[in-house]
Every structure is written in C-alpha cells, then in structure tokens.
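Student: Sequence and predicted model, in that order:
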Amino acid sequence: MNVIGIDGCRRGWVFVQFMGGQEFRWGVVGRLDALRDRIDTSDLTLIDIPIGLKSYGSGERQCDREARKLLGLRASSVFPAPCRQALNCCDYAEGSAVNQSVTGRKLSVQSWAIVPKISEADCVVRSLLDRRKLREMHPEVCFMALNGGKPMRHNKKKAAGQAERLAVLSRYRPDAEYIFQEVRARWLKKELANDDILDALVGAVVASHPDWLVSLPMSPEDDELSLPMEMVYAVPVA
C-alpha cells in the first residue's frame with residue numbers, strides 16, 4: 001500500500017508516506033506541485049486543505065458544518081472554506097467581499113490566510129490523471145474517529161495535546177513516535193511545527209486503512225469541477 005498524508009507548514013508542505021509494511025518516507029517541499037508525481041503514483045493521498053469548493057449557493061459546505069458538530073470542543077479548528085471565486089482575489093478585502101456576494105458570508109482572516117495553499121491544491125488535483133488520488137481530510141476529524149468518536153481533549157499546540165495525538169496514532173502505527181521524532185530532528189520549529197508533523201502523519205495512517213474510509217457527509221455534493229466537497233476519515237472496524 002502506497003499512501004501519503006500531507007499538511008501545510010510555514011516552509012511549504014510536509015508529507016509522510018507509507019510504502020507497505022513498516023517502510024516510510026517523509027519530506028518537506030516549498031510547493032505542492034513538487035509532490036505531483038508522488039501523489040499520482042500513490043494509492044491514495046489525504047491532504048489537510050479544502051479541495052471541493054462552492055461557486056454558488058448561500059452558506060458553507062456541508063462537510064464544514066458537520067465537522068464542527070462532531071468536534072465539539074475542537075470545532076473552532078474547522079475554518080469555513082472560501083468560495084472558488086475568492087481564489088482569484090488579490091487581498092483579504094476583495095476576497096471577503098467576493099465570498100459574501102457568493103455565499104452570503106464574509107471570509108474569516110484564518111480562511112483567507114490559507115487561500116494560497118488552497119489554490120496550490122486546486123491546481124495539483126486538476127492536473128492529476130486520477131483526481132480521486134488526492135482527497136481532503138481534516139486532522140481533528142481523523143483523530144476523533146480513530147479515538148472511538150471522542151474529540152481530542154487538549155489543544156494540538158500544547159505538549160499534552162501532542163502526546164494525546166501521538167498515543168492515538170501509536171495504536172494504529174506502532175512506530176508513529178519514531179517517525180515523528182525523526183522528522184522533528186531535521187527541521188526548526190519555526191519552519192515546521194509539531195502539529196504539522198502530526199497532521200501529516202494522521203493523514204497517512206487514515207489512508208493506509210482503505211476498508212475503514214468514510215466521507216463527511218456520507219454522500220458529498222460535487223463542486224462545479226466535479227470535485228467532492230468532503231472530508232475523508234477512518235472508522236476502525238474491530
């Protein structure tokens with residue numbers, strides 16, 4: 001099984017790749033398109049960035065709304081995804097105004113901050129031979145599902161939250177802490193935060209269990225480019 005988990009970081013993007021058995025690879029790239037061939041040859045790549053985007057209709061994507069309901073204390077980690085038209089805007093004021101005209105909602109500053117990365121992912125997924133090779137996940141939804149449906153109790157930026165998430169990952173990938181420490185030793189925290197590594201790692205763990213995969217919502221709506229507006233996660237089967 002060749003699967004990848006990807007998360008954005010200050011340096012660009014961090015990825016963790018499982019090659020079958022206990023073999024793994026990891027790396028940090030400045031641009032997502034540097035991983036295009038790796039994604040194209042994977043069985044599945046899960047990325048923490050919105051992919052399917054609204055181009056019309058009021059309100060948010062259904063997956064964003066449902067994710068917040070599931071996450072409870074961690075609901076604030078789900079930023080409303082911008083509409084597709086906002087990707088072409090030059091600054092926050094323009095992007096927020098365009099988003100309001102399309103969806104009836106202004107953009108949050110946090111959502112605008114990830115627009116450049118959403119644009120990168122949009123370009124990559126549209127260039128793939130099989131667009132289903134790259135799918136959206138949300139790390140907190142993934143951790144919650146792997147933890148028996150219970151959201152993480154501690155903030156992922158705190159030591160307790162990082163230990164809590166590593167403990168969950170280790171149930172499904174016994175060498176999770178070893179992988180985390182190897183990546184951590186190679187990069188400064190100002191370029192690659194601890195939670196970026198954990199988020200990429202949970203994506204790889206989830207992707208490595210294809211029989212457990214479900215999407216939020218169960219029957220996602222496609223956007224105008226036929227990209228599903230969904231979040232993929234895994235429900236462990238005993």
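Tutor: Done, it's in.
Student: Now that Trp26 has come up, it's in contact with Met19, right?
Tutor: No - under the criterion of C-beta atoms under 8 Å, Trp26 makes no contact with Met19, lying 11.1 Å away. For the C-beta atoms, the positions are set from N, CA and C on the backbone; glycine is no exception.
Student: Let me see the contact set for the residue most central in space within the chain.
Tutor: The chain has Asp48 as the residue nearest its centroid, 1.2 Å off, counting by C-alpha atoms, centre = their mean. By C-beta atoms under 8 Å, 6 or more residues apart in numbering, Asp48 lies in contact with Ile6, Asp7, Gly8, Glu136, Met137, His138, Pro139, Asp199, Ala200, Gly203.
Student: just so I have it, where are all the strands in the protein?
Tutor: 3-9, 12-20, 23-29, 44-47, 134-136, 213-216, 231-234 (DSSP state E).
Student: Grab the nearest non-local neighbour of Asp211.
Tutor: Spatial nearest neighbour of Asp211, chain neighbours left out: Val237 (7.0 Å); criterion: C-beta to C-beta, 6 or more residues apart in numbering.
Student: and the residue of the chain most remote from its centre, how far is that from Tyr92?
Tutor: Most distant from the centre of the chain: Ser101, at 26.6 Å, with distances by C-alpha atoms, centre = their mean. Distance, Ser101 to Tyr92, by C-beta to C-beta, to the nearest Å: 15 Å.
Student: ditto for Ser77
Tutor: Shown here: Ser77 relative to Tyr92, a distance of 21 Å by C-beta to C-beta.
Student: how far out from the middle of the chain is stretch 78-85?
Tutor: Using C-alpha atoms, centre = their mean, to the nearest Å, the mean C-alpha position of stretch 78-85 is found 14 Å from that of the whole chain.
Student: Also stretch 159-175?
Tutor: Here stretch 159-175 is found 18 Å from its chain centre; the criterion is C-alpha atoms, centre = their mean.
Student: cool, and stretch 108-121?
Tutor: On the basis of C-alpha atoms, centre = their mean, stretch 108-121 sits 13 Å off its chain's mean C-alpha point.
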